[in-house]
Structures are given as structure tokens and as C-alpha cells.
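Q: just coords:
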């Protein structure tokens with residue numbers, strides 16, 4: 001689960017529950033991975049997922065957790 005703290009909690013008063021893929025992405029983000037790495041890992045993990053779908057899914061994830069990120073979303 002992701003919960004907003006500090007200033008972010010003033011704009012987002014809730015939490016986001018992560019599934020297994022979301023938790024995997026979050027762990028990668030904590031290690032400083034890039035958006036491209038997230039897409040590449042998605043393509044490795046899921047047979048039959050094309051590049052466009054992987055990009056769209058990563059983007060949706062980053063949008064959903066953007067309140068909790070320390071840096072601007074465009075940094076990924």
C-alpha cells in the first residue's frame with residue numbers, strides 16, 4: 001500500500017493498494033529505475049504483452065502513484 005505523507009497528504013487523503021505488479025514497479029522505482037526499464041521488465045514478465053500496452057500500463061501506474069513520488073513524474 002502507498003500512503004501519502006507530508007505535503008502530499010494535504011492533496012491526497014487516502015491510500016493506494018498495489019497488486020504484485022505494482023509492488024514490483026514500486027520496488028524498482030525505489031532503486032532509481034527508469035520508465036524505459038519498467039517497460040522492459042513488463043515485456044519480460046508477461047508473455048503476449050506488446051510494447052504499446054506495456055508503455056500504457058507503466059504510464060497508468062506512474063499516474064496513479066504520482067502523489068507519492070519524490071520527484072516529477074517526467075524524471076522516469
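A: Received, thanks. Just so it is clear, the model here is predicted, and its values are computed rather than measured.
Q: now the biggest helix by length in the chain: mean pLDDT?
A: As assigned by DSSP state H, the longest helix anywhere in the chain is helix 51-65. Helix 51-65 shows a mean pLDDT of 92 in the predicted model.
Q: Output the contacting helices and strands for it.
A: Judged by 3 or more Cβ pairs under 8 Å, 6 or more residues apart in numbering; DSSP states H and E, helix 51-65 is in contact with helix 20-30, helix 35-45. Every residue, glycine included, has its C-beta placed from N, CA and C.
Q: ok, 10 Å please
A: For helix 51-65, the contact count by 3 or more Cβ pairs under 10 Å, 6 or more residues apart in numbering; DSSP states H and E identifies strand 15-16, helix 20-30, helix 35-45 as packing neighbours.
Q: contacting residues for the residue nearest to residue 37 when sequence neighbours are not counted?
A: Among residues not flanking residue 37 along the chain, residue 28 sits closest, at 6.7 Å (Cβ to Cβ, 6 or more residues apart in numbering). Contacts for residue 28 (Cβ atoms under 10 Å, 6 or more residues apart in numbering) come out as 34, 37-38, 41.
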